[in-house]
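1. Next comes the sequence, and after it the predicted model I'd like to discuss.
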Amino acid sequence: MGRTIGIILIAIGVIGCLIITALMASYVADESLSRSAAILGFALGAAVLIVPLGAGVFMLWKGGQEAQAGAEAQKQRQLLNMVKTRGQVAISDLAIEMDTTRDHVQTMLHDLVGKGLFSGYVNWDEGMLYSRQASELRQRNTCEVCGGQLELAGHGVIRCPFCGTEYFLE
């Protein structure tokens with residue numbers, strides 16, 4: 001929204017300057033206005049139009065910053081969704097799917113932890129990111145039905161690959 005308003009204000013400033021320039025040039029050509037008076041008229045008109053022009057440039061710049069912040073927030077949401085739905089995910093997969101670097105994934109993760117939006121753990125040596133539900137898998141690791149080794153199947157779901165029993169975490 002800020003970018004659109006900025007573009008409109010810049011257009012108003014530029015079009016206004018063009019109109020003033022054309023008017024002053026036509027008055028000088030008709031000899032109804034001296035050159036010094038035309039220059040003064042243009043300067044006064046430009047002084048008035050500098051306000052919307054400056055405000056437009058500021059709004060365009062501010063809108064660009066907001067767009068960057070929105071894109072970063074979208075990437076953080078994407079990271080959270082990927083980890084929560086899969087339970088565990090390779091950091092390299094995150095970087096590839098999000099079209100970013102491993103360092104940027106680490107920065108986003110630290111930011112999400114700082115905001116209290118992510119709980120889980122990371123094994124940087126293995127390159128794996130685990131959701132909180134995946135860490136709970138460590139507490140419950142064998143199937144009550146067949147005794148098989150349980151695996152994380154997704155957000156809050158642990159599944160036995162041998163008998164198909166699913167456990168739902170709170």
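-> Perfect, thanks for sending it. Residues are numbered from 1 along each chain as shown.

2. Which of the helices or strands spans residue 167?
-> strand 166-168 (DSSP states H and E).

3. same thing with residue 122?
-> Residue 122 belongs to strand 120-123 when assigned by DSSP H and E.

4. Give me the mean pLDDT for that strand.
-> Across strand 120-123, pLDDT averages out at 74.

5. for that strand, packing partners?
-> Applying 3 or more Cβ pairs under 8 Å, 6 or more residues apart in numbering; DSSP states H and E, one finds that strand 120-123 makes contact with strand 128-131, helix 132-137. Heads up, the C-betas are built off the backbone N, CA and C, glycines and all.

6. Direction included, what does the shortest one pair up with?
-> If you go by DSSP bridges, strand 128-131 pairs up with strand 88-90 (antiparallel), strand 120-123 (antiparallel).

7. Tell me which of these is the most buried.
-> strand 88-90 (a mean of 17; mean count of other Cβ atoms under 10 Å).

8. average pLDDT for it?
-> 87.

9. Tell me how far the next helix or strand after it lies from the chain's centre.
-> Proceeding N to C from strand 88-90, the next assigned helix or strand is helix 91-97, under DSSP H and E. Distance, stretch centre to chain centre, for helix 91-97: 18 Å (Cα atoms, centre = their mean, to the nearest Å).

10. Now helix 91-97: buried residues?
-> Of the residues in helix 91-97, those buried by neighbour count under the rule 16 or more other Cβ atoms under 10 Å are 91, 94-95.

11. Of those residues, just say which sits nearest to residue 73.
-> For these, the minimum distance to residue 73 (Cβ to Cβ) is 16.3 Å, reached by residue 94.

12. so the closest one touches residue 106, yeah?
-> No: taking contacts as Cβ atoms under 8 Å, residue 94 lies outside contact range of residue 106: 10.0 Å.

13. Give me the neighbour count for residue 141.
-> Look at residue 141: counted by other Cβ atoms under 10 Å, it has 11 neighbours.

14. In space, what's closest to residue 160 - neighbours in sequence excluded?
-> residue 143 (3.9 Å; Cβ to Cβ, 6 or more residues apart in numbering).

15. And for residue 102?
-> Nearest to residue 102 is residue 95, by Cβ to Cβ, 6+ apart, at 5.2 Å.

16. pLDDT wise, what is the one you found at?
-> pLDDT, residue 95: 92.

17. for residue 132, same thing?
-> The predicted local confidence for residue 132 is 68.
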